[in-house]
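> A predicted structure for the sequence below; I have some questions about it.
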Amino acid sequence: MTGPHYDATGARAVAAQTIGTAITGSVTALPAETLHAARDIQAPASLTNLPPFPLCLGREDALTCLRDTFAEANGTAITQTSAVHGLGGIGKSTLALSYAHRFRQDYALIWWINAESSAHIEQSVGDLALRLVPAWAGGASHDERAAWALTWLQWHPGWLLIFDNVEDPSDLAPYLGALNGGHHLITSRRATGWPRTIRTHPLGALDADKSADLICTYAFAGSVITPREHQDARALAAELGYLPLALEQAGAYLRQNPNITINAYRQRLSAKLDKAAVGIDAERTIARIWTQTIKALTARNPQSVHVLHTLAWLAPDKVSVSLLETPDADNDDLHEALGLLNAYSMATVDRHTVSVHRLLQAVLRATAPAEPDGSPAGRHAAEEVIVRVLDAPTPGADMAWDTVMPHLIALATTRPAGHSGDRAADRYNVAAQHLHIQGRYVRATPLLAAVVAQCEQVLGDIHPNTLTSRNNLALAYRQAGDLARAVPLHESVLADRERLLGDIHPDTLSSRNNLANAYRAAGDTDRSMALYEAVLPQCVQVLGDTHPHTLVTRNNLANTYASAGNLDLAIPLYETVLAQCEQALGDTHPTTLISRTSLAGVYAAAGDLDLAIPLHKTVLAQFEQVLGDTHPNTITSRDSLADAYALAGDSNLSIPLFESVLAQRENVLGDIHPDTLSSRDSLAAAYASMGDLERSLPLLRTVLTQREDLLGDTHPDTLSSRNYLAIAYASMGDLDRSLPLLRTVLTQYESLLGGTHPDTLSIRNYLDALISTGRSPGVLSSPDTQLSDRHRIARQPD
């Protein structure tokens with residue numbers, strides 16, 4: 001403010017019921033009669049200039065924290081974020097406004113102040129004079145109005161002042177120092193620079209359920225929300241990083257455009273971030289809010305914006321600062337840039353790591369200016385960071401891969417269309433192989449998709465290497481349970497190989513076998529069986545009757561017969577495969593042992609446990625002798641023996657063996673390898689079969705959570721886990737948890753396998769019986785009856 005000043009000191013400068021410590025402020029000098037008017041004029045009861053009450057979901061804890069802070073008489077509260085430190089759109093203003101409306105009756109006056117700059121603050125404070133003394137204030141200057149309002153606030157305690165969107169904490173000094181008769185509530189993107197007397201409150205993003213609820217409230221107001229719509233809303237909320245403003249923006253847009261589905265919005269997310277629905281301030285879209293912050297950063301430190309653009313292409317969470325540092329160089333400029341990003345809440349920085357909100361990354365990538373070589377800003381810098389780490393000599397190569405894997409996946413996932421000169425491209429395939437060994441098939445797919453894009457761009461659509469890369473991607477999709485992508489991609493590769501290589505080329509035969517596998521995984525037994533039956537004689541003709549690929553195809557056909565319940569055809573075919581393996585490869589070759597395990601498994605499925613159990617014991621002893629006690633194939637053989645004991649009803653033998661297998665897989669394969677999850681699932685089922693739900697339920701919940709994270713929400717194994725957990729709840733009589741879960745499972749099975757698939761029908765019948773009787777029909781058992789899932793018939797590799 002301008003004009004003559006005087007210090008606001010003395011007993012009358014601080015109102016009664018002071019809260020906190022007074023900081024000396026200054027105000028413009030006013031005539032005595034004007035000052036007396038400020039003392040004598042009373043405000044109307046509960047005077048406010050608040051905007052309307054906003055929708056504020058999932059913030060009860062934050063509201064309680066604010067209320068408790070003010071109740072402690074500490075004077076000033078500030079809302080920030082914890083993970084993203086006040087990132088625009090996190091809901092700071094909404095929280096402050098919700099607090100003000102909720103506790104409106106506790107204050108004599110509540111005044112909302114635009115605090116983007118000192119001039120805005122002065123004007124907003126001065127607006128109070130316009131409200132209380134309009135005749136005088138109408139002819140007064142901005143600084144005179146503000147001075148009068150400050151004087152009035154000093155005389156009249158019990159107010160709440162909300163300083164919204166503070167850009168510079170020093171702008172508040174004249175007000176916080178002079179006004180001590182009420183509460184100050186501050187919102188800001190700034191994470192640092194606050195006086196010690198101000199208590200800061202971190203504000204996190206919403207949780208998944210509240211985020212989905214917020215989208216649905218805006219998008220489907222007054223309509224019944226289906227489980228599928230809520231599930232889609234959860235997926236969209238995750239991609240939006242649970243950021244309230246983005247959730248509101250998405251919901252309002254979907255409400256205005258009812259013919260655009262949630263999934264369609266997700267597919268074009270980056271293009272929608274700058275679009276506002278009617279009634280939503282266009283300047284309050286996520287993209288435009290962050291653009292203003294980036295302009296401010298550019299003016300202060302251009303290096304910080306370069307670093308931010310680099311981070312936009314890497315994984316969002318806990319990026320090691322050492323990755324960004326240049327070896328054997330002074331990195332002070334980098335650290336200063338990171339400090340500024342942290343101060344403006346555009347990144348969360350600690351001593352060793354930096355994190356950037358994933359939605360901010362999406363906006364940065366979508367709006368990135370072009371570098372001189374035409375690449376988006378930051379892209380090549382991010383690639384060079386990863387290549388430098390992988391090329392550097394390290395004590396352990398696996399450690400380097402573990403460090404960069406999330407960033408390689410991020411680079412592969414965000415590869416711009418037509419991007420040339422990708423410095424990390426030749427690392428994608430190797431990284432995918434590492435993930436495949438670990439059983440992380442879902443994480444491998446974006447890497448292989450990037451390899452396909454690179455091959456198509458450099459070699460063309462029909463080059464043999466391009467077809468191989470597409471085949472590998474299709475295999476990864478199938479292993480990840482993404483059959484909607486796997487099947488058409490296998491069909492496309494097969495058609496191209498038939499056209500380019502001929503009908504009986506070995507690569508064509510391999511593609512035909514892989515497509516049959518995909519059909520079987522999708523539950524299309526008829527097409528799978530027909531394709532295996534067609535390709536098997538071709539393999540015999542081209543490769544020979546005992547070629548490994550021929551044996552694999554014959555074994556896969558036997559698997560399909562078994563899955564279809566046609567054991568009369570499956571058993572002799574398994575016996576043939578085993579005899580051929582013994583003759584061609586030897587009695588203890590690993591492939592022979594796998595065939596023997598498959599045969600034992602189908603004997604068990606046929607109920608012939610007198611044959612199955614001794615054969616499982618024999619092959620387990622052979623695996624232990626040939627491969628060792630902890631080889632994965634040995635552990636699988638042990639697991640198959642435990643399955644056979646379980647089918648025989650011998651829990652005294654099956655449960656200890658399941659427990660042993662689980663411990664070994666956790667130790668050898670890791671806690672979240674798919675085989676480890678299968679063991680955990682088997683042990684849970686064994687406990688449940690004994691009526692021990694106290695031990696079964698925690699395992700079932702754990703497996704479901706891990707499969708959702710590892711395999712995705714709609715992978716067949718994930719659906720099986722969700723289904724079995726729902727049935728366990730039903731067996732306990734907990735229908736409140738069982739019924740919603742079963743309805744979700746049914747919807748997902750209908751989407752994945754179709755409404756007439758046997759598994760879908762089985763689940764629907766179980767659900768109908770549960771609803772009609774109010775109790776679980778029969779003993780605890782899953783209606784999912786696919787033989788390959790329950791009886792573990794071993795499969796040859798593809």
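Cool, got the structure.
> all contacts plus neighbour counts: C-alpha atoms, from now on.
Fine.
> Quick check on residue 187: phi, psi?
phi -120, psi 140 (degrees, to the nearest 10).
> For it, give the beta-bridge partners.
residue 79 (DSSP bridges).
> Quick check: it touching residue 92?
Yes - if you go by CA atoms under 8 Å, residue 187 and residue 92 touch, sitting 5.9 Å apart.
> any low-confidence regions in the stretch 201-350 of the chain?
Within the stretch 201-350 of the chain, the ranges that satisfy pLDDT under 70 run 270-285.
> Could I get the full set of strands for it?
Here the stretch 201-350 of the chain has its strands, by DSSP state E, counting those that start in this stretch, at 319-320, 348-349.
> Adjacent strands (with direction) for the last one?
In other words, strand 348-349. Strand 348-349 is paired, per DSSP bridges, with strand 353-355 (antiparallel).
> ok now the partner strand, how far from the chain's centre?
17 Å (CA atoms, centre = their mean, to the nearest Å).
> got the buried residues for it?
354, 355 (16 or more other CA atoms under 10 Å).
> show me what contacts residue 251?
Applying CA atoms under 8 Å, 6 or more residues apart in numbering to residue 251 gives the contacts 214, 215, 216, 217, 218, 219.
> if I look at it, how far off is residue 211?
10 Å (CA to CA, to the nearest Å).
> now swap in residue 597 and tell me
From residue 597 to residue 211 the distance is 48 Å (CA to CA).
> Which one of these two is surrounded by more residues?
The residue with more neighbours, out of residue 597 and residue 211 and counting by other CA atoms under 10 Å, is residue 597; that gives 31 against 28.
> Quick check: that one vs residue 638, distance?
10 Å.
> and the spatially closest residue to residue 716 that is not a sequence neighbour, which of the three is it?
Spatial nearest neighbour of residue 716, excluding adjacent residues (CA to CA, 6 or more residues apart in numbering): residue 481 at 6.2 Å. Here residue 481 is coil, with the state taken from DSSP: H, G, I helix; E, B strand; the rest coil.
> give me the number of residues near residue 481?
Count around residue 481 with other CA under 10 Å applied: 25.
> ditto for residue 402
12.
> quick one: pLDDT of it?
Listed pLDDT for residue 402 reads 78.
> for the spatially most central residue of the chain, what are its contacts?
Centroid-nearest residue in the chain: residue 238, 5.2 Å away (criterion: CA atoms, centre = their mean). Counting by CA under 8 Å, 6+ apart, residue 238 touches residue 208.
> neighbours around residue 377, how many?
Neighbourhood size, residue 377 [other CA under 10 Å]: 25.
> Provide the backbone phi and psi angles at it.
Per degrees, to the nearest 10, the backbone of residue 377 is at phi -50, psi 130.
> Pull the contacting residues for it.
Taking CA under 8 Å, 6+ apart, we find residue 377 in contact with 306, 309, 310, 368, 369, 370, 371.
> And those residues, which is closest to residue 679?
Among the contacts of residue 377, residue 310 lies closest to residue 679 (CA to CA), at 41.4 Å.
> what residues are up against the closest one?
If a contact means CA under 8 Å, 6+ apart, then residue 310 has 377, 378, 379, 381, 382 as its contacts.
> Could you tell me which of those are located in helices?
379, 381, 382 (DSSP state H).
> and the gap between the second one and residue 651?
When you say that, I think you mean residue 381. Taking CA to CA as the measure, residue 381 falls 58 Å from residue 651.
> Quick check: the gap between residue 608 and residue 618.
Distance of residue 608 to residue 618, computed by CA to CA: 16 Å.
> Please identify the buried residues of stretch 206-213?
Quick answer for stretch 206-213 (16+ other CA under 10 Å): 206, 207, 208, 210, 211, 212, 213.
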